[in-house]
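Student: fold the following for me, if possible:
(chains A and B)
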Amino acid sequence: DGGITQSPKYLFRKEGQNVTLSCEQNLNHDAMYWYRQDPGQGLRLIYYSQIVNDFQKGDIAEGYSVSREKKESFPLTVTSAQKNPTAFYLCASSILAAEGEKLFFGSGTQLSVL
Amino acid sequence: GQNIDQPTEMTATEGAIVQINCTYQTSGFNGLFWYQQHAGEAPTFLSYNVLDGLEEKGRFSSFLSRSKGYSYLLLKELQMKDSASYLCAVRRDYKLSFGAGTTVTVRA
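Tutor: Model prediction:
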């Protein structure tokens, strides 16, 4: 079955540590996105990529980094510079970053600080 | 922020109708989406509006007025499984911005 796979489901970060969240899709979608969700707030866009080897900052990119070396993969690194990393992280993809294309979401990664 | 406003919570009875309103800034508008999200799960697509009017899909309908920067999601014949958060999202350029979501609780 086609879909988006995020791993791990739960992740714990220690002080000063970088952690990487995995996102893989086999939908042959061009565009991929990372969102952060905090309780009582909407999803906020961290980074997005419309094509391999290219990505753009979203609204809250500080303290995060991404890469898009393959069409299928869009990993997100939460760096030690992100001082409040505890949140639910959602990866999404779409056929192309055009106006009518809906996003398909992965099942999310809950990141917590130890 | 993106100024996408929707009520925080709504409660309704099984079998009833609930309307969730969403208002947004109209500049750069390229379409409006509604998603459903159960706690701890991924959002799932419900509807998309880019032109004014009503789109109906079974028990769910979505309405858009671009000039007013207004949309609503109508849920009919409510079922217990409809208890979830409903997210309004507006596309501008290549980015989709989300409201904080409306938590709907369906009671027997």
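Student: pairing partners for residue A:12 in the sheet, please.
Tutor: Applying DSSP bridges to residue A:12 gives these bridge partners: residue A:112.
Student: ok now the worst-scoring helix or strand of chain B on mean pLDDT, how far from the chain's centre?
Tutor: Lowest by mean pLDDT, DSSP states H and E among the helices and strands of chain B is strand B:95-98, with a mean of 87. Put simply, strand B:95-98 sits 13 Å off its chain's centre (C-alpha atoms, centre = their mean, to the nearest Å).
Student: shaky segments in chain B?
Tutor: Of all residues in chain B, those with pLDDT under 70 make up the ranges B:1-2.
Student: could you do chain A as well?
Tutor: Using pLDDT under 70, chain A drops low at A:1, A:97-100.
Student: flag every residue of chain B that's near chain A.
Tutor: Residues of chain B found near chain A (C-beta under 8 Å from any C-beta of the partner chain) are B:2, B:4, B:8, B:30-31, B:33, B:40-45, B:48, B:50, B:87, B:89, B:91, B:94-101. Heads up, the C-betas are built off the backbone N, CA and C, glycines and all.
Student: which of these count as buried?
Tutor: Buried members of those, counted by 16 or more other C-beta atoms under 10 Å in any protein chain shown: B:2, B:4, B:31, B:33, B:42-43, B:48, B:87, B:89, B:91, B:94-101.
Student: neighbours of the nearest residue to residue A:7 once chain neighbours are set aside, how many?
Tutor: Of all residues beyond its chain neighbours, the one nearest residue A:7 is residue A:22 (4.7 Å), with distances taken as C-beta to C-beta, 6 or more residues apart in numbering or on different chains. If you count neighbours by other C-beta atoms under 10 Å in any protein chain shown, residue A:22 ends up with 16.
Student: any idea how far chain B is from the spatially most central residue of chain A?
Tutor: What sits nearest the mean C-alpha location of chain A, by C-alpha atoms, centre = their mean, is residue A:34, with 2.8 Å. Going from residue A:34 to chain B by C-beta to the nearest C-beta, to the nearest Å gives 12 Å.
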